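Peer 1: model the structure of this input:
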Amino acid sequence: MKNQFLKKTMALALAGAMTLSMAACGKDDAGSDSKADSQQSEQQESSAEDPGESAEENSQASGEEAPEEGGQAEAPQIEDTTIKIRVMNEFRNLDKVLAKYQEMTADDPVMSKIHPEFAWVAGGDYKDKLTTAMIGQEDFDLMFCGGWHGLSTFIQDGNFADLSSYFGNDAFPGLKNAFSEDFVQAMTSYIRQEDGSYQKGIYGINLATFYEDSRGFMYREDLRKKYDCAPITDETSLLEFVKTVQENEEGMIGVSLWNFFRLDSPWYSAKHDHVYTQDNVNVLGDQTWIWVGLSEDEKTVLNAVVPGDSPEEFAKMPVGYQDDFITAYIQDRTKWNPYLNPNRGGTDTVEKPAAIAYSALSEYESKVKTALETNPDEEYGFYVIEDAQRNMEPGAVVCDMATNNWLVVPEWSEKTDAVMYFLDWMFGSQEAHDLFELGIEGEDWEAVGEDGYKKLDIDENLAYSMPTYSFTQNPTYIRVSEFVSENEEIKSRFDYMYDPSTYKLSPLAGFVFDTTNVETQIANVSALSNELQLTISMYDADEAAEKIQQWHTDAEAVGLEEIRAELISQIQAFLDAKNAN
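Peer 2: Here you go, the predicted structure:
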C-alpha cells in the first residue's frame with residue numbers, strides 16, 4: 001500500500017500548523033498568489049487520508065474527537081522517511097545544503113521527519129538508466145525525466161503516479177503558490193484510451209523558469225559602430241548590417257546559423273491566427289511540418305496542411321493562410337543564403353567568425369563570455385527575431401507553457417506524500433528554493449537587489465552546484481545573474497521572458513499524437529523529409545519550390561493523406577475532451 005508513512009490523524013487543518021512552522025524558517029516571497037483549480041482525478045489507492053480531507057472527517061475516521069473550533073489541531077504523527085531522488089548530471093557539495101535543510105526544518109513536525117537522499121546520472125547515460133529503472137521498478141521516489149527520454153510513452157504506459165490531488169490544494173500551499181492555474185493546466189496530460197477518449201492527470205512536475213526562450217542573434221555592436229550602421233531594430237536593418245560586415249571584414253561571414261527554421265518563421269505569429277505547428281504536431285521531422293488550422297473559437301479543426309499542398313487544402317485554412325504560405329516562407333528565406341556559412345550541409349565544421357550568431361536569450365550570457373575570453377575588445381548586442389517579442393507585447397507567445405524538463409514520481413513508490421511535502425517545502429518560500437537552487441547564502445552566493453545574485457569566490461572544491469534544470473527550476477522563483485542585472489536592456493528582456501503575461505496557453509497544450517495507426521506511413525514520409533535540406537537553406541528560391549513539390553508527390557504515394565486524416569481526427573477528439581470539462 002502506498003503512502004503508509006502518514007497516520008490517519010493527517011488533516012487539512014493540520015496543514016495550517018505545518019505552514020506556520022515552515023514560514024518561521026524563511027521569508028515568504030513566493031510571487032503570484034493566483035489560485036490554481038484543483039486538477040482532481042481518481043484517487044491513488046492509499047492507506048493515508050486524502051490531504052484535502054477536513055480535520056473532522058479524519059478524527060471521525062480515527063475514532064478521535066474533532067478539535068474544538070479555533071483550537072489547535074494535533075500535528076501529524078509520522079515516522080522518519082527517506083525519499084530517494086535521482087537527478088540528471090552531477091551535483092557537488094550537496095551535503096552542506098542537506099545539513100542546512102535539516103537545520104531549517106528541525107522544529108517542523110512533518111518536514112523534520114522527511115530526509116531526501118540524492119543520486120545523479122550523467123546525461124549521456126540517463127535515458128538508458130531511466131528505462132532500466134522503469135523496467136526493474138527501482139527504489140526511487142522522485143526522478144528527473146526529460147521529454148526526449150520518452151516521457152509521454154512512460155505516462156501512457158502508467159509508469160508515473162498521478163499527482164493531480166496535490167495541486168490547487170490548500171494542504172500544499174507551497175505548490176499552490178508556485179504553480180499557477182495556467183501552469184497546472186499545462187502540466188496536465190491527456191492520455192488517449194483505446195476507445196479514442198482521453199483521461200487526464202498530472203503525471204509530472206514541469207521544471208521551468210520561463211515557458212519559451214526568446215530566440216535571437218548576438219551581434220557585433222562594435223562593428224555596427226565601426227561602420228556607422230543604423231541601430232538594429234528590424235529585419236531590414238539586421239540584413240543591412242550583415243551585408244556590410246561581410247563585404248568589409250575579411251575572413252568574416254554574415255550569419256552563423258545551423259537551423260534556418262529559427263529565422264523569422266511564422267511559427268509564433270501564426271498561432272495568433274489559430275494556426276499551429278511544431279510544438280504539438282511535429283510528426284514528420286524538422287524538414288517538413290504539419291500546420292493545423294483551428295476555428296476562431298479554437299474548438300474545431302479546419303484542416304492540416306503541409307508544404308506543396310493543393311489550393312483546395314489551403315482554402316480550408318483560416319483567413320490569411322489560404323495559400324501555400326509554407327513554401328512562400330521557405331523561398332523568402334533564401335535571400336539570406338549569400339551570408340550563411342558556405343560549408344553548411346557539408347562535413348567541414350569549421351566556420352568563420354560571423355557578424356551575427358544565433359543565440360537564445362538564456363544562452364546569451366555564456367556565449368558572450370566565451371567570445372570575450374578570446375577577444376576582450378569586442379562588444380555585443382542582442383536582437384530578438386520575432387516582432388511581437390522584440391516589441392515586448394503582452395500575450396506575444398502562445399505555447400504549451402511547459403518545457404522538456406520534468407520531475408516524476410514512479411507509480412510504485414510508497415512515499416508519494418512525503419515527496420510532495422518535500423517539494424511543497426522547497427517551492428514554499430524564496431529562502432527554501434534558493435537553498436537548493438544556489439546553495440548556502442553568504443558562502444556560495446549573495447543577493448544583488450531584489451531578484452539578482454552573484455556567486456562568491458569560493459574554492460571550487462567546496463562550492464555547491466546543482467543541475468537546476470533537472471530539480472529546482474520554477475517560474476515563481478527567479479534570480480538573475482550579475483551579468484543580466486547590470487545590463488538594463490538585457491535585464492528588460494529577461495523580465496519580459498519571465499513575465500507570465502507574455503504567454504498564452506495553447507489550445508493544443510497536452511496533445512500528444514498517437515502514431516500507432518500510421519507508424520509505417522510516418523516512417524516512409526519522414527525518410528523523404530530527411531532527404532530535404534530546408535532548415536539549413538541549401539536551395540535557391542526556385543529549387544526549393546521544386547524540391548517541395550517532388551517531396552509532396554512522393555509523400556502522397558506512401559501515406560501522407562492517411563497521416564493527415566489521423567492527425568485531424570485525434571486533435572478533434574482531444575479538443576472535444578478538453579472543452580467538455
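
Peer 1: please make it C-alpha for all contacts and neighbour counts, starting now.
Peer 2: Noted.

Peer 1: find the nearest non-adjacent residue to residue 80, please.
Peer 2: residue 113 (4.4 Å; CA to CA, 6 or more residues apart in numbering).

Peer 1: in contact with that neighbour, which residues?
Peer 2: 78, 79, 80, 81 (CA atoms under 8 Å, 6 or more residues apart in numbering).

Peer 1: one more time with 10 Å, if that's ok
Peer 2: Applying CA atoms under 10 Å, 6 or more residues apart in numbering to residue 113 gives the contacts 5, 77, 78, 79, 80, 81, 82, 102, 105, 106, 418.

Peer 1: from residue 102, how far off is it?
Peer 2: 9 Å (CA to CA, to the nearest Å).

Peer 1: now residue 456
Peer 2: 23 Å.

Peer 1: more neighbours, those two?
Peer 2: More crowded of residue 456 and residue 102, by other CA atoms under 10 Å: residue 102, with 18 against 13.

Peer 1: and the pLDDT for the more buried one?
Peer 2: At residue 102, the model reports a pLDDT of 98.

Peer 1: select the longest helix from the chain.
Peer 2: As assigned by DSSP state H, the longest helix anywhere in the chain is helix 560-580.

Peer 1: next one: phi and psi at residue 201?
Peer 2: Backbone torsions of residue 201, given as degrees, to the nearest 10, read phi -180, psi 170.

Peer 1: can you list the weak-confidence ranges in the chain?
Peer 2: Residue ranges of the chain with pLDDT under 70: 1-77, 261-262, 278-281, 581.

Peer 1: hmm, try it at 80
Peer 2: Per-residue confidence for the chain (pLDDT under 80) gives these ranges: 1-78, 196, 258-264, 278-282, 286, 345-350, 581.

Peer 1: mind listing what's buried in stretch 476-483?
Peer 2: 476, 477, 478, 479, 480, 481, 482 (16 or more other CA atoms under 10 Å).

Peer 1: what's the answer for stretch 348-362, then?
Peer 2: Those would be 354, 355, 356, 357, 358, 359, 360, 361, for stretch 348-362 by 16+ other CA under 10 Å.

Peer 1: show me what contacts residue 204?
Peer 2: Contact analysis of residue 204 by CA under 10 Å, 6+ apart lists 143-145, 151-152, 155, 160-164, 187-189, 405-410.

Peer 1: so which of the residues you listed sit within helices?
Peer 2: Going by DSSP H, the helices hold 151, 152, 155, 187 from the contacts of residue 204.

Peer 1: report the contact partners of the first one.
Peer 2: What that stands for is residue 151. Contact analysis of residue 151 by CA under 10 Å, 6+ apart lists 145, 157, 159, 160, 203, 204, 404, 405, 406, 408.

Peer 1: how near is the residue lying closest to the last one once chain neighbours are set aside to residue 160?
Peer 2: Residue nearest to residue 408 in three dimensions, not counting chain neighbours: residue 204, with 4.7 Å by CA to CA, 6+ apart. The span separating residue 204 from residue 160 equals 8 Å under the rule CA to CA.

Peer 1: find the residues that touch each one of the two.
Peer 2: Common neighbours of residue 204 and residue 160 (CA under 10 Å, 6+ apart) are 151, 408, 409, 410.

Peer 1: could you dump those into JSON lines with distance to residue 515 added?
Peer 2: Formatted as JSON lines, the shared contacts of residue 204 and residue 160 follow (distance: CA to CA, whole Å):
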{"residue": "151", "distance to residue 515": "15"}
{"residue": "408", "distance to residue 515": "24"}
{"residue": "409", "distance to residue 515": "26"}
{"residue": "410", "distance to residue 515": "25"}
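
Peer 1: any of these buried? List them.
Peer 2: Judged by 16+ other CA under 10 Å, buried ones among the shared contacts of residue 204 and residue 160: 151, 408, 409, 410.

Peer 1: my read: the second one touches residue 141, true?
Peer 2: When you say that, I think you mean residue 408. Yes - in this structure, residue 408 is within contact of residue 141 by CA atoms under 10 Å, at 8.3 Å.

Peer 1: residues shared between the contacts of those two?
Peer 2: With CA under 10 Å, 6+ apart, residue 408 and residue 141 have common neighbours residue 85.
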